[in-house]
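Please find the sequence and the predicted model below.
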Amino acid sequence: MRKETQRDLFPGALEMMILRTLKRQPLHGYALAQHIKRMSDDLLQIEEGSLYPALQRLLKDELVKAEWGVSATNRRVRIYKLTAAGAKRLELEVSKFERMLEGITRVLAPGQS
Amino acid sequence: MNWMRRLLSRRKIYGELSEEIRGHLEEKTAELVAGGMPREEAEVAARRVFGNVTLAEEDGRDVWKWLSIEKFFMDARYSLRMLRKNPGFTVAAVLTLALGIGANAALFSVIDAVLLRPLPFRDPERLVAVHAVDIKDAAYNGEISYPAFLDWRSRSHSFEAMSVWWTTSVTYAGGTQAVSVRGVVVSANLLSLLGVSPALGRSFVEEEDQPRGEQLPVILSYEFWQGQFGGDANILGRSLTLDDQKYVVVGVMPARFQFPVQANRVELWTTIARDMLGKSGMATQRGVSYLQVIARLKPGVSIPQAQSDVALIQEQMNRQYPEDRPRSAAINTESEQISGSMRPALMILLGAVGFVLLIACANVASLLLARAAGRQKEFAIRSALGASRGTIVRQLLTESLLLAMIGGVLGLLLAHWATSALIALAPEGLARTSDIALDLRVLGFTFLVALVTGVLFGLVPAVQASRCDLNRGLEDSGRGSSSGAGRSRLRNTLVVSQLAIAFVLLIGAGLLLRSFNRLQHVDPGFRADHVLTFLLEVPSQHHPGAQRPAFVREILQTTRALPGVKSATAVFGLPLSEQQDVYTAAEAEGHPLPRSQRPRVGFRIIESQYFSTMGIRVVEGRAFTPQDELGGRSLAIVNETLARLMFKGEDPIGRRIKPSISFGESDDAPMREIVGVVADVKSGSIAGKTAPEIYVPQTPVDFIGEMTVVVRAMNDPNSLVPAVRSLVNSMDKDIPMRQVKTLDQYVSGSISAPRFEAVLLGTFAGLAFVLTAVGLYGVISYSVAQRTREMGIRIALGAPRGSISRMVVRQGALLALVGGGVGLIASVFAVQLIRGLLFGIGSTDPATFIAVPLLLLMVALLASYVPARRATKVDPIVALRYE
């Protein structure tokens, strides 16, 4: 019912970016949000809050796991790690996404047909 | 098991999620503060970037839920809390619904048992009843003779099988005490036609339609076998004597099997061969029409096809047998046949009770609308906190459904109680009332009704509420002046519809009650009070021939000597008893008529004190004397209708008449001399017309084997029962006393169907009326409460208090007028439905059409006057201080 989180994204995009980010390094929620924001150069309008339902979905599907730890600023935080299943899913999603993107690009490309 | 662990650890997951989100916000705030932003500003900014905190948390939790079910339980829990917090509202709504749903459940349980449940036979939808229709006189409709039936059966092509049946009573004296039971004479193929077979032994075989040997075959009911023979395993092949005839038991039916399906139990079945015995067996005479016909349609044959098939055959027969009355044929389904005349009445009642439920729904919807107005703030806050419109609608619908379900459960309790009342009130002769029960079907129906009800009364207020404007909802103190214009229009519409429906129901009930009242005051032509009656069989083996009337006389003489007895007499063919009804054709001497044109007259055999004991007036001539019972001359007394019809103003005394009915040895019916004329008596039914009737004295010749003894008591007639019983027993212990009833019971039995209809529709209309009055009262008081400020201003500006209350009452009166007007128009159509149920009044009975609008208007004024008085008491200062 509530699709606001996907205003600028297609379903699953946020999850894909989270998985990609976590592949580089385990992070806690806040750091994850900041990282995605920074990397996208603020091109994407993402409410920070929408990160958390997405993380819960990934947790439930066991694509990531979480452990309580202490952050650099000395806060008690939950640090998310990619699981093996998560890494596999990421690969799959990325290749699917690339194919989709290619398809869209071809259609949008000027000149032909 | 994963899901189970999840279920258990869910609280922990939720806790972690909240903590995490809190941590996120704190970290963001800390960062912004570190960047030089003031703390307060930083907190707001952190939240803004984060988005809707509650929503994120809820969505996060939703990931772990089985969405729909859990949401429902959550909603239900919340709803229960809301309902508990408003006990007044809850009780009012639940009671209203319980009344509506309970009335529906109770009536449905009756209709289901009587009309809807399929008959307990194979492919019951193909079972039909075939009737003869007399072309000249509807009084002859129905039964046919056995030879005519054989013509139908051999010439028709529409049926897989056809069978005759008729019910009679027989005495079984083989047990400890003589009992009289009802037995059915049928065609041998009946059981296979129905698709049933005996639990023990065999069905009849085709050859058994003809008498062979001494004994006739009989099949017993399971209950009779258990009761009279203790379930004897060696019952098959056993001989037993019923009346004076020997039978051999060939089978026992399964428990609870009954054919025909009717109000009175039957205990045994034998074949039509029974009616072929003797010199002039009934089944051998084309002139004796006494048999019902049941048939099974061939697959794919429709009722109209079968009907024209039989009608065509009957047409040929009319030409072939000009002596017979010309007839046609009609067919209806067996289940229609069984529910008979009650079907339309029950359908009308079902409609009425449905309308009562609609009114109840409207009341609750109206209550909900009023409450929704008060809850605007709550909804506004909830949607501000992120609840979507769907969530709020769902929440409100859950509340409605919960209310409906609680109402449904309570309604079932009411129905449980009401059903026994309905059974007690059920018209005599209504078949299958013993099947009436609150079973799974009724439960399912009630659940469905409650569900639909909940959605019906819940949806409109829910959608209305969810449409509320967030800002205004929050600003409004909840007591605003004009916030509910659309809402009050909706409530007005609801109440107008209620008024219209109540109006129609009241008109219907008014008509039925007036008609019933007329019926109660019909003079039956005899005095029904203080009279005990019972049926006495006098089997010829005990009291052969000439002794039988003597035996009756003896019993009467001893009865008259009993203390508390005023007089006693006996009759064959007690009025309103529907037993021993004998009709025959008659002709007056000197006016010979072909058989097919002779009028149909009722025929009664009486003892000499009959008229004085019953209180029937002798208009002319004399009553019979004991001398007449010796049988010297053939005598008759006729009723006024017969005198008018057959003698057309001439004096009938001394004239002679010949009813075509003969007893004893002679085949030819005797001419009878008329010695008296008596007043008309309602003999068939209280509502019916009186037929021409002939009374003859009981004589050794004119005697049919059973008489109804009629005892007029000085006090309560029932108190005589033990004395009379022991008297009969002492005179002949093999004679059972049947049908021990007071004459009053016969009279009230004859109007039991109109009573049932009038009481039920009256109850439903009363319910509708009260609910509507409450609804109207609710709407007016609510609008008064809403307009408190306005009234305060008016009073402050100098409006006289009387004008304030007039204003309020005018509002109620206006609603009542509109509702009444709509109701009046609807009534004009609705009364057509019950026209057939009315007696003695027209469907536009002026008294009803004046009384109902007046009643409704009065109550509407009263319902508005109470809140109106409250309005005049408004203290302008208090009213204005609300701002």
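Yep, that arrived.

Please enumerate the helices of chain A.
A:13-24, A:29-39, A:51-60, A:84-108 (DSSP state H).

need the contact list for residue B:855.
Contact partners of residue B:855, counting by CB atoms under 8 Å, 6 or more residues apart in numbering or on different chains, are B:506, B:769. (Glycine included, C-beta is placed from N, CA and C.)

Please tell me how far it sits from residue B:507.
For residue B:855, the distance to residue B:507 (CB to CB, to the nearest Å) stands at 11 Å.

which stretches of the chain have low pLDDT?
Assuming you mean chain A. Chain A contains residues with pLDDT under 70 at A:1-8, A:111-113.

Hmm, no, I was thinking of chain B.
B:1-8, B:66-70, B:139, B:279-280, B:386, B:466-487, B:540-545, B:662-667, B:879-883.

which residue is nearest the centroid of it?
Chain B has residue B:346 as the residue nearest its centroid, 4.8 Å off, counting by CA atoms, centre = their mean.

Give the helix, strand or coil label for it.
Counting by DSSP: H, G, I helix; E, B strand; the rest coil, the backbone at residue B:346 sits in helix.

what about the closest residue to it other than its chain neighbours, how many neighbours?
Nearest residue to residue B:346 in three dimensions, chain neighbours excluded: residue B:111, at 5.3 Å (CB to CB, 6 or more residues apart in numbering or on different chains). Counted with other CB atoms under 10 Å in any protein chain shown, the neighbours of residue B:111 add up to 22.

dump the residue contacts of residue B:111.
Taking CB under 8 Å, 6+ apart as the test, what residue B:111 contacts is B:346, B:347, B:350.

Show residues contacting stretch B:307-317.
B:130, B:132, B:148, B:151-152, B:155-158, B:324, B:327-331.

Equivalent analysis for stretch B:344-351, please.
B:107-108, B:110-111, B:114-115, B:339, B:508, B:753, B:756-757, B:760-761, B:764, B:833-834, B:836-837.

Pull out the buried positions in it.
Of the residues in stretch B:344-351, B:345, B:346, B:348, B:349, B:350 count as buried by neighbour count, 16 or more other CB atoms under 10 Å in any protein chain shown.

Only alpha carbons, please: show it as CSV.
Extracted in CSV, the C-alpha atoms of stretch B:344-351 (Å, rounded to 0.1, in the frame of the first residue of the first chain):
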residue,chain,number,x,y,z
PRO,B,344,-46.5,-17.3,0.0
ALA,B,345,-47.2,-16.3,3.6
LEU,B,346,-43.8,-17.5,4.8
MET,B,347,-42.1,-15.7,1.9
ILE,B,348,-43.9,-12.5,2.8
LEU,B,349,-42.8,-12.9,6.4
LEU,B,350,-39.2,-13.5,5.3
GLY,B,351,-39.3,-10.3,3.3
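
Which secondary structure elements does the longest strand seen in chain B sit against?
Counting residues, the longest strand found in chain B (DSSP state E) is strand B:159-172. Judged by 3 or more CB pairs under 8 Å, 6 or more residues apart in numbering or on different chains; DSSP states H and E, strand B:159-172 is in contact with helix B:146-155, strand B:179-186, helix B:190-194, strand B:239-242, strand B:292-297.

Now do the end-to-end distance for stretch A:72-89.
29 Å (CA to CA, to the nearest Å).

Next to chain B, which bits of chain A? Give me the list.
Residues of chain A lying close to chain B (CB under 8 Å from any CB of the partner chain) are A:1-2, A:4-5, A:29-30, A:33, A:47-50, A:52-53, A:55-57, A:59-60, A:71, A:73, A:75-78.

Now with 10 Å, please.
A:1-2, A:4-5, A:28-34, A:37, A:46-62, A:66, A:68, A:71, A:73, A:75-78 (CB under 10 Å from any CB of the partner chain).

Tell me which residues touch the spatially closest residue to residue B:617 that is not a sequence neighbour, please.
Closest residue in space to residue B:617, ignoring its immediate chain neighbours: residue B:679 at 4.1 Å, by CB to CB, 6+ apart. Listed by CB atoms under 10 Å, 6 or more residues apart in numbering or on different chains, the contact set of residue B:679 reads B:523, B:525-526, B:611, B:615-619, B:639-641, B:690.

What is the neighbour count of residue 90?
Picking chain A for this. Residue A:90 is flanked by 20 other residues according to other CB under 10 Å.

sorry, should have said chain B
19.

With residue A:91 instead?
12.

ok so, going back, quick one: buried ones out of the contacts of stretch B:307-317?
Buried among the contacts of stretch B:307-317 by 16+ other CB under 10 Å: B:130, B:132, B:148, B:151-152, B:156, B:158, B:324, B:327-331.

Of these, which pair is most distant in space?
Spatial extent of these (CB to CB) is set by the pair B:158 and B:324 at 22.4 Å.

and the one helix or strand residue B:762 maps to, how far from the chain's centre?
Assigned by DSSP states H and E, residue B:762 belongs to helix B:752-786. Relative to its parent chain, helix B:752-786 has a centroid offset of 21 Å by CA atoms, centre = their mean, to the nearest Å.

Would you confirm that residue B:103 contacts residue B:412?
No. Applying CB atoms under 10 Å, one finds residue B:103 not in contact with residue B:412, separated by 11.5 Å.

With that, I have no additional questions.
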